[in-house]
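Chemist: below is the structure, and that's it, no one-letter string:
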């Protein structure tokens, strides 16, 4: 698997820190294996299925399905697989028992972590999360303990080499909230949730190719921890991401 696909899988599976400053760490992560690629496909199929169950199969009226399809394309899922997943969800009750839950935790160095899961058995998921966290210096906390530290936003990521001025002009015209240029040449665009589709349509119409676009939970403030704790947090996030029930992870590590 090439480096580009590995990066896309890392972003899709866990744009955790969707914090603007995590780009450099994600960029240097090693490429995912084929097994992990398959796991990413499985998670996207679950998200597509739940989106169809809740909002129908018409992407024109189902924003959740549009996002799920975007994630599928981000990990290079073939269109036939996407179409098959939508059709299966439309005619089957196999995903009817899946429920979305958010769990809150603290990790090494005191970082706050939000964990989004899709599961048909919460009694299986919770113990698994507790084991993963406890083995890696983290712990689950009560609802509301860390969620207030995050805000739901739209996020677009453009790879190094993009014409920054073009991104800025289109983003501002479409109503984006912020544009962040990084030292490595990458550019990130942040939007309010209500403007996400408008900004996406503007970029698509201008043929501005972003490598990732999603609704995410951005930390309202990130903070730095020691390099040792950073390594521990990254290991914890990897372990959480390996759990089949975990869909997305958000962290306020700088």
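Modeler: That came through, no problem. Bear in mind the structure is a predicted one, so any value in this text is a computation, not a measurement. Numbering: from 1, shown residues only.
Chemist: elements contacting the longest helix along the chain?
Modeler: Longest helix in the chain, counting residues (DSSP state H): helix 34-55. Packed against helix 34-55 by the contact rule (3 or more CB pairs under 8 Å, 6 or more residues apart in numbering; DSSP states H and E) you find helix 3-13, helix 63-74, helix 79-91, strand 112-119, strand 246-251. All C-beta spots, glycine's among them, are computed from the backbone N, C-alpha and C.
Chemist: quick check: residue 185 touching residue 161?
Modeler: Yes - Residue 185 is within contact range of residue 161, at 6.0 Å (criterion: CB atoms under 8 Å).
Chemist: distance of the residue nearest to residue 197 when sequence neighbours are not counted from residue 107?
Modeler: Using CB to CB, 6 or more residues apart in numbering and skipping the chain neighbours, the partner closest in space to residue 197 is residue 63 (6.8 Å). Shown here: residue 63 relative to residue 107, a distance of 31 Å by CB to CB, to the nearest Å.
Chemist: okay, these two: which has more neighbours?
Modeler: Comparing residue 63 with residue 107 by neighbour count (other CB atoms under 10 Å), the higher total belongs to residue 107, at 25 against 15.
Chemist: how about the more buried one, what does it touch?
Modeler: 113, 133, 136, 137, 138, 232, 233, 236, 251 (CB atoms under 8 Å, 6 or more residues apart in numbering).
Chemist: figure out the helix or strand that the second one lives in.
Modeler: Spelled out, that is residue 133. helix 122-135 (DSSP states H and E).
Chemist: how distant is that helix from the center of its chain?
Modeler: 20 Å (CA atoms, centre = their mean, to the nearest Å).
Chemist: before we move on, what about stretch 246-254?
Modeler: With CA atoms, centre = their mean, you get 8 Å for stretch 246-254.
Chemist: same thing with stretch 144-155?
Modeler: 13 Å.
Chemist: and the pLDDT for the residue lying farthest from the centre of the chain?
Modeler: Residue farthest from the centre of the chain, counting by CA atoms, centre = their mean, is residue 91 at 27.3 Å. Note on residue 91: pLDDT of 72.
Chemist: how about it, what does it touch?
Modeler: By CB under 8 Å, 6+ apart, residue 91 has no neighbours at all.
Chemist: just the endpoints, please. Distance across stretch 217-226?
Modeler: Using CA to CA, to the nearest Å, the end-to-end distance of stretch 217-226 comes to 23 Å.
Chemist: return the set of buried residues in that stretch.
Modeler: Applying a neighbour-count criterion of 16 or more other CB atoms under 10 Å, the buried positions in stretch 217-226 are 217, 218, 219, 222, 225.
Chemist: wait, a strand at residue 101?
Modeler: Yes - under DSSP: H, G, I helix; E, B strand; the rest coil, residue 101 sits within a strand.
Chemist: correct me if wrong: it contacts residue 125.
Modeler: Yes - the criterion here is CB under 8 Å, and residue 101 meets it with residue 125 at 7.3 Å.
Chemist: next, show the common contact partners of those two.
Modeler: 117, 119.
Chemist: higher neighbour count, the two?
Modeler: Taking neighbours as other CB under 10 Å, residue 101 and residue 125 compare with residue 125 leading, 21 against 15.
Chemist: contacts only, for the more buried one.
Modeler: Per CB under 8 Å, 6+ apart, neighbours of residue 125: 101, 117, 119, 243, 245.
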